[in-house]
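Chemist: Here's a sequence, model it:
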Amino acid sequence: MLRLAQSFIFLGIILFFLILFFGCQPTAMIKLTAEEAMTKIHPWVEKTLRQLTLDEKIGQLLFVSISGRFFPADSDEMARLRYLVKEKKVGGVIIFGGEVYETAILLNQLQKWAKVPLLVASDLERGTGNQINGATVFPPLMALGAADSAELAYEMGRITALEARAIGIHQTYAPVVDVNINPDNPIINTRSVGEDPELVSRIAINFIRGCQENGLIATAKHFPGHGDTDLDSHTLLPVITANLERLEKVELLPFKRAIEASVKAIMTAHLHVPALDSTPGLPATLSPLILCELLRNKLNFQGIIVTDAMTMGGITKSFSPAEAALRAIKAGVDCLLLPPDIEAVASALKEAVNSGEISLSRIETSLRRLLQVKALLGLPEKKLVDINLLPFRIGLKDYQLVASKAFEKAITLVKNEGSIIPLQEKEKKIFTLSLSSDPGDYYAGRQFIREIEKRCSQTTSFYADADTGIENLALAQKMAADADVLIVGLFSTLRAGKGSVGLETNHINLVKELASINKPLIVISFGSPYFLRNFPEIPVYICAYRQAPQAQTAAVQAIFGEIDIEGKLPVSLPNLFSAGHGIRIKRK
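Modeler: Model (predicted):
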């Protein structure tokens, strides 16, 4: 018995190391090129297409939202998903949030229900951790622009791909290739690489390569360019007033480069661009001139065209769900994302085909593109993921190190009057302030303050959010009088429908007051770099581009001279600093 037990233990050890070794191997590399998609049609594509009814063909062009949380088998949500996948035969799902195991298990279940393998997509602009808790989180693309590192951009794409595919995600709605030339842009901002089309192209192309060379479809967005607007298309229809020459040089250039790099998908923007289509109030998503004539014919894009969410105000304020869907398909769209009324949309598309308003071949052209991508991804052969391999594929230390390096390389020192940075004397009294312009985000700067407390025992702290009253802010001014050094962290999240990424007026006034008391003052933006426009008189200004804990840690390391400061502004701060400016400091 003892010998038998020893044998089982020995076999168990061998099995463990086999799982460890093979579990850590990357997903088989799938180079997804436009040439393959159009010239080497997989035999499964035509076979599958012939087997589908008209209802099923239409369903394949519709993508619906899911959450990667846990749901009981008899819950309303599972009933909804079962109906959409088994009855409506939707072509794909889009994940909004979730946990690693719950998401993977749910996706396996949905794939088991699906007659045709589902294409699973998610918005992974900042890595798989952007949606799935436990996966690796990267900084936003503007931080990659500040670091200007093609290598980090590629690694970000590669790690995103490996983690996403391990969970069962096949497509990311990234990268954002919009050129952010409007400082008041309320929705793109730090999601963009920057204001230089060449820099945007360089970072985006390497991210695309990292994704697609490791089996994840990348999606360049938002065509034809969402960077020059001060409105959010989630609520309104922005208008891009640039002429054709400017559009060619700025907005369209990164899309051209992405197409040359064989990006497999492009997402449309709910924008009105009169220079490209003068039809009053018509969003690019519904424009044949923009999608067929420009994107398909002139730019020669042969991959998948997906809409931005059809629930957004840029569409819904002027068009019914059915009319919007019909117009989008006629314009050249292949996938309709998040149709607000799937029954009305499916019914309208079917009626349009039966009446001849839309030809069956038009539907099948889009379906063929979608099925070809599914075939290239290997979904007909393997549509389920191995749950047992998740601990060896998600959130690995090597991945975290790459992400931390990206956060560190992005730190940008814009002003350093009096050479306050790096702080030399840790025994000084430091007063730290976390000022969040978002209601309910009171402890936004907790990590930032904890890191300072680790380094300086004489640290006092103050928190405020958008709901904090003037009386409490006045208390902060009194507390500042007893300190030797003042450090302010500014937080304002970039969020759909928010309408602004600016700061609270009371917080701006507080920073101005602190700047007037003639003490060393360090201000860090954990969001938009444009915050400096509110108080150009402050002596020290640092950009970290995101309020993620890793960004907060990297900023404190920079303040105390523990890492090199190398970042450069990827955007201009009007009347203050040009793009490319950045004070470099080597750690001692």
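Chemist: which residues of the stretch 101-250 of the chain fall in helices?
Modeler: Using DSSP state H, counting those that start in this stretch, the helices found in the stretch 101-250 of the chain span residues 141-147, 150-167, 197-212, 244-249.
Chemist: In contact with the closest residue to residue 583 other than its chain neighbours, which residues?
Modeler: Spatial nearest neighbour of residue 583, chain neighbours left out: residue 413 (4.2 Å); criterion: CB to CB, 6 or more residues apart in numbering. Where you see a C-beta, it was placed from the backbone N, CA and C, and this is true even at glycine. Residue 413 sits next to 421, 540-542, 558, 565, 567, 582-585 when contact means CB atoms under 8 Å, 6 or more residues apart in numbering.
Chemist: next one: residue 508
Modeler: Contacts of residue 508 by CB under 8 Å, 6+ apart are 534-535.
Chemist: start the count at 4, not 1, going forward
Modeler: Got it, the first residue is 4 from now on, which makes the last one we talked about residue 511.
Chemist: Report the buried residues of whichever strand or helix holds it.
Modeler: Using DSSP states H and E, residue 511 sits within helix 508-518. Going by neighbour count (16 or more other CB atoms under 10 Å), the buried part of helix 508-518 is 509-511, 513-514, 517-518.
Chemist: And those residues, which two are furthest apart?
Modeler: Taking CB to CB as the measure, the buried residues of helix 508-518 reach their widest spread between 509 and 518, a distance of 15.1 Å.
Chemist: Nearest residue to the middle of this structure?
Modeler: Closest residue to the average C-alpha location of the chain: residue 128 at 2.0 Å, with CA atoms, centre = their mean.
Chemist: correct me, but that residue touches residue 196?
Modeler: No: contact criterion CB atoms under 8 Å: residue 128 and residue 196 do not qualify, at 11.3 Å.
Chemist: shared neighbours of those two, which are they?
Modeler: What both residue 128 and residue 196 touch, as defined by CB under 8 Å, 6+ apart, is the set 144, 178-179.
Chemist: Put the buried members of the contacts of residue 416 into a ChimeraX selection.
Modeler: Command for ChimeraX, covering only those of these found buried under the criterion 16+ other CB under 10 Å:
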select :424,543,544,545,561,568,570,585,586,588
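Chemist: Filter the contacts of residue 416 down to just the ones in strands.
Modeler: 543-545 (DSSP state E).
Chemist: thinking again about what came up before, A strand includes the residue nearest to residue 586, no?
Modeler: Yes: judged by DSSP: H, G, I helix; E, B strand; the rest coil, residue 416 forms part of a strand.
Chemist: and it, bridged to which residues?
Modeler: Beta-bridge pairing for residue 416 (DSSP bridges): residue 545.
Chemist: roughly how far apart are it and residue 248?
Modeler: 36 Å (CB to CB, to the nearest Å).
Chemist: Does residue 545 touch residue 425 like I think?
Modeler: No: assessed by CB under 8 Å, residue 545 is found out of contact with residue 425, at 11.4 Å.
Chemist: list residues touching both of these two?
Modeler: 561-562.
Chemist: re earlier: tell me the most buried of the helices of the stretch 104-253 of the chain?
Modeler: When you average the neighbours per residue for each of the helices of the stretch 104-253 of the chain (mean count of other CB atoms under 10 Å), helix 144-150 leads with a mean of 29.
Chemist: Endpoint to endpoint, stretch 119-137 covers what distance?
Modeler: 29 Å (CA to CA, to the nearest Å).
Chemist: actually stretch 353-363, not the one I wrote
Modeler: By CA to CA, one end of stretch 353-363 lies 9 Å from the other end.
Chemist: try stretch 378-394
Modeler: End to end - CA to CA - stretch 378-394 spans 27 Å.
Chemist: Tell me how far it lies from the chain's centre.
Modeler: The chain centroid and the centroid of stretch 378-394 are separated by 23 Å under CA atoms, centre = their mean, to the nearest Å.
Chemist: Also stretch 153-172?
Modeler: Counting by CA atoms, centre = their mean, stretch 153-172 is centred 13 Å from the centre of its parent chain.
Chemist: again with stretch 453-466
Modeler: With CA atoms, centre = their mean as the basis, stretch 453-466 stands 32 Å off its chain's centre.
Chemist: What are the buried residues along that stretch?
Modeler: 453-456, 459, 462, 464-466.
Chemist: What of stretch 84-103?
Modeler: 84, 87-88, 91-98, 101-103.
Chemist: just to revisit the earlier point, from the contacts of residue 416, which is closest to residue 302?
Modeler: residue 570 (32.4 Å).
Chemist: With residue 265 as the reference, measure out to that closest one.
Modeler: 30 Å.
Chemist: Check residue 314 too.
Modeler: Counting by CB to CB, the gap from residue 314 to residue 265 is 30 Å.
Chemist: And the lowest mean pLDDT element among the helices and strands of the chain?
Modeler: None of the helices or strands of the chain scores lower by mean pLDDT, DSSP states H and E than helix 5-26, at a mean of 40.
Chemist: In this protein, where is pLDDT below threshold?
Modeler: Low-confidence segments of the chain (pLDDT under 70): 4-42, 429, 497-503.
Chemist: could you redo the last one with a cut-off of 50?
Modeler: 4-33, 35-38, 40-41, 501 (pLDDT under 50).
Chemist: I appreciate the help and will end here.
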